[in-house]
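Enquirer: My questions concern the predicted model and sequence given below.
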Amino acid sequence: MKHLMIENSEDYYSKFKDIFYLENKNKLANYYKIHNTVGIGSSEHIFLDSGIEIIINEMTLSEGIKYNYNLNFSNFEIIYCIKGALTCGDSKNKTEYVIKEGDIRFLKNGSSSRWEIFPKNENWKSISICFNNQFLEQISEYNNNFIDEDVLNSLINGMLLDVLSPEIKVAFNQINKCSCSSFCRMLYMQSKAIEIITLFVQNKIFTRDESSVFKIEDIKKIKHAKEVITNEFIDPLSIKDLSKYVGLNTFKLKVGFKEIYNTTIYGYIRNLRMEKAREYLIEGQKNVIEIANMVGYSNPSHFSVAFKKKFGVNPSELKRRVRI
């Protein structure tokens, strides 16, 4: 299986030069074709203002493709599958998803190692709306509620989020059926992309209970708390002391932290400890008891249980494997 490191959105196509070739390029869009040795079809990559991109794919491959990839850039994607099916997953969490005809999914790109499988002899057609922090910062300037990557990350359970919105599907279908030409087409595409993102934000964020809506000052304090925890995870402050330190009551801190980072404060601390412990084990300079103490565990048994739950292997076993 191929493993690809993709530096930016345009770099995606260069990594697949054995599948795609650039047919036409201008300031607004790149047009790629599928080599006839591997199938038929095309991909259109449209660049819009405010950090928004639209990718329209339609292809049928004569041979199935399976590959791993890491993205060295971060953005969010709302993808609509018009035809076919795609199997994808997260290599780290060992999760697997199928995106099939009619599905609309929301995902974060660039957060982990992924894999995808395109089956052979199946017509795949999709439209993706991608956007990044540039867009989020602009819309936050005009709204009292705060939206950033952490807020959107809190919506994702695992890797993908189902988007069950008839209005969004209508807007995607309007993009698919757009018959405008040249400059007018690009204006139309941009208006529909912004409409889709706006509907998504409205439906998934601003229709939640008022207690779940993020205020700028509260988000800043929760982010500050995360920084404090990250720097002091071996001997962290109690939640009560941490709340006082950042100036936010304990209820808001606990609920807000879980909402934004999709884990509890204690879960975040435990994860930091386990990641650091794995680093120490791989280095091989310390024994398991020493490492347990170094990451904040006074009881080695509790440390071993937490480590196996996180990585699926006992720390002593990992240390033994590293030596081999």
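Expert: Noted; the coordinates are in hand.
Enquirer: in this protein, which residue is closest to the centre?
Expert: Centroid-nearest residue in the chain, with C-alpha atoms, centre = their mean: residue 108, separated by 1.9 Å.
Enquirer: Contacts only, for that one.
Expert: By C-beta atoms under 8 Å, 6 or more residues apart in numbering, the contact set of residue 108 is 74, 76, 77, 149, 152, 153, 156, 159. Where you see a C-beta, it was placed from the backbone N, CA and C, and this is true even at glycine.
Enquirer: That one falls within a strand, correct?
Expert: Yes. Counting by DSSP: H, G, I helix; E, B strand; the rest coil, residue 108 is found in a strand.
Enquirer: Retrieve the pLDDT associated with it.
Expert: pLDDT for residue 108: 87.
Enquirer: Roughly how far does residue 6 sit from residue 252?
Expert: Per C-beta to C-beta, to the nearest Å, residue 6 is found 38 Å from residue 252.
Enquirer: which one of these two has more residues nearby?
Expert: Between residue 6 and residue 252, counted using other C-beta atoms under 10 Å, the more crowded position is residue 6 (19 against 15).
Enquirer: pretty sure that one contacts residue 72?
Expert: Yes. Between residue 6 and residue 72 a contact is recorded at 6.7 Å, counting by C-beta atoms under 8 Å.
Enquirer: quick one: contacts for the nearest residue to residue 258 once chain neighbours are set aside?
Expert: Residue nearest to residue 258 in three dimensions, not counting chain neighbours: residue 264, with 5.6 Å by C-beta to C-beta, 6 or more residues apart in numbering. Residues in contact with residue 264 (C-beta under 8 Å, 6+ apart) are 254, 257, 258.
Enquirer: what comes into contact with the lengthiest helix in the chain?
Expert: For the chain, the longest helix by residue count, based on DSSP state H, is helix 182-204. With contacts defined as C-beta under 8 Å, 6+ apart, helix 182-204 is touched by 28-29, 46, 48-49, 52, 54, 78, 106, 129, 131, 135, 139, 147, 155, 161, 163, 165, 167-168, 171-172, 174-175, 178, 180.
Enquirer: which helices and strands sit right next to the next helix or strand after it?
Expert: For helix 182-204, the following helix or strand on the C-terminal side (DSSP states H and E) is helix 216-231. With contacts taken as 3 or more C-beta pairs under 8 Å, 6 or more residues apart in numbering; DSSP states H and E, helix 216-231 sits against helix 149-153, helix 239-246, helix 250-261, helix 265-283.
Enquirer: Residue 65: which of those is closest?
Expert: With C-beta to C-beta as the criterion, residue 65 lies closest to helix 149-153 of the helices and strands packed on helix 216-231, at 28.5 Å.
Enquirer: who does that closest one touch, helix- and strand-wise?
Expert: Contacts defined by 3+ C-beta pairs under 8 Å, 6+ apart place helix 149-153 against strand 104-109, helix 133-140, helix 216-231, helix 250-261.
Enquirer: buried stuff in the helix or strand following the shortest one?
Expert: Scanning the chain past strand 104-109 towards its C-terminal end, the next helix or strand to appear is strand 114-118 (assignment: DSSP H and E). The neighbour-count criterion (16 or more other C-beta atoms under 10 Å) identifies 114, 115, 117, 118 as the buried residues of strand 114-118.
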